[in-house]
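Chemist: After the sequence you'll find the predicted model.
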Amino acid sequence: MTSAVDEEADDFDDAPLPPQEPKARKKAKTKPNRGLAKAPRGEALLEYFRRIYLSVQPPADQGLVPSIGVTSAISGEGRTTIATGISAAMAADLDRSIVLVEVDLAHPGVHQLLGINPEPGLAEYLRGECALSEAVHQISDKLFVLPAGDGAKEAPNLIYRLARADLRSRMNTADALLVLDLPPIFTTSYGALAASIAEALIFVVHAGETTDEQVRESLTRLGENTVRSIVVNGHQPQLPAWLQNLAG
């Protein structure tokens, strides 16, 4: 059953995960931005993102969805902000390790949002250039981030590798939950393949920016039963009637 959150949001090596301290590789000293939940309006923001991640969860007796993907038709719809926000909310709420994985290799942005090094990341790990533990950044006690790394020119090939690799099984905590910041569907040839990695999808629509055709085509590529929640950025009256009905 698809649900909707109708508010605005701001725009192979088998080393296990979550990581220990980084090993030999030296990194520039940067300070992660740990203030998402502590900034002014922090509780209101967490509540907003909490409603989003809860909207894709099954009944309590069925346990939590092990991997949630956040995708959209095109870039610039607030996908990365939402993926980061729900990761922070899940880390605040749940006694589980939460790993935010940036799968949008062509347009990475999580490192800027959180103030971490962009490399090494998912691309370097998939190319065998580093251990998984070297590519993952610890943001808080339960929140970890695997940035995209330098993979923009190889995105289709790397996404294919990722789709064949069971990333979650490579973690040293069996109960870790993944949040995937996915590439857009309409503007990439590999977006639907990347989305197939997630067990539940959140589809972000920027009302007034994304066209009816882009949304329809993207949802068709994904399939009717894969999208569990639609998050609307902007004002719902700007949406076409068919999407208002789906979201409502």
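Modeler: Received it, and whenever you're ready, just let me know what you need.
Chemist: now the strands for the protein?
Modeler: Taking DSSP state E as the criterion, the chain carries its strands at 3-5, 67-72, 98-102, 137-138, 143-146, 177-181, 200-206, 227-233.
Chemist: Comparing the ones you listed by mean pLDDT, which bottoms out?
Modeler: Among these, strand 3-5 carries the lowest mean pLDDT, at a mean of 50.
Chemist: Can you convert the strands of the chain into a markdown table and add a column each for distance to Ala131 and mean neighbour count?
Modeler: The C-beta positions use only the backbone N, C-alpha and C, and glycine is treated the same way. What follows is the strands of the chain, written out as a markdown table (distance: least, CB to CB, whole Å; neighbours: other CB atoms under 10 Å):
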| stretch | distance to Ala131 | mean neighbour count |
| --- | --- | --- |
| strand 3-5 | 37 | 20 |
| strand 67-72 | 21 | 27 |
| strand 98-102 | 15 | 27 |
| strand 137-138 | 14 | 20 |
| strand 143-146 | 12 | 25 |
| strand 177-181 | 18 | 26 |
| strand 200-206 | 29 | 25 |
| strand 227-233 | 33 | 24 |
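Chemist: so can I have TSV of those showing distance to Arg164?
Modeler: Output for the strands of the chain, formatted as TSV (distance: least, CB to CB, whole Å):
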stretch	distance to Arg164
strand 3-5	31
strand 67-72	15
strand 98-102	15
strand 137-138	25
strand 143-146	17
strand 177-181	15
strand 200-206	20
strand 227-233	23
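Chemist: Show the average pLDDT along stretch 182-189.
Modeler: 96.
Chemist: where are the low-confidence patches of the protein?
Modeler: 1-42, 61, 171-174, 224-225, 234-248 (pLDDT under 70).
Chemist: Could I have the CA atoms of the longest helix that it contains written out in PDB?
Modeler: Criterion DSSP state H: the longest helix present in the chain is helix 79-93. Below are the C-alpha coordinates for helix 79-93, written out as PDB (Å, rounded to 0.1, in the frame of the first residue of the first chain):
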ATOM      1  CA  ARG A  79      16.400  12.800  -2.500                       C
ATOM      2  CA  THR A  80      19.800  13.100  -0.700                       C
ATOM      3  CA  THR A  81      18.400  15.300   2.100                       C
ATOM      4  CA  ILE A  82      15.600  12.800   2.700                       C
ATOM      5  CA  ALA A  83      17.900   9.800   2.700                       C
ATOM      6  CA  THR A  84      20.200  11.500   5.200                       C
ATOM      7  CA  GLY A  85      17.400  12.600   7.300                       C
ATOM      8  CA  ILE A  86      15.700   9.300   7.600                       C
ATOM      9  CA  SER A  87      19.100   7.700   8.400                       C
ATOM     10  CA  ALA A  88      19.500  10.100  11.300                       C
ATOM     11  CA  ALA A  89      16.000   9.500  12.500                       C
ATOM     12  CA  MET A  90      16.400   5.700  12.400                       C
ATOM     13  CA  ALA A  91      19.700   6.000  14.300                       C
ATOM     14  CA  ALA A  92      18.000   8.100  16.900                       C
ATOM     15  CA  ASP A  93      15.100   5.700  17.300                       C
END
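Chemist: distance between that helix and the chain's centre?
Modeler: 8 Å (CA atoms, centre = their mean, to the nearest Å).
Chemist: Report the buried residues of it.
Modeler: Across helix 79-93, burial judged by 16 or more other CB atoms under 10 Å covers 79-92.
Chemist: okay, the angle between that helix and strand 98-102?
Modeler: Relative orientation of helix 79-93 and strand 98-102, computed by axes from the mean of the first three to the mean of the last three CA atoms, to 10 degrees: 170 degrees.
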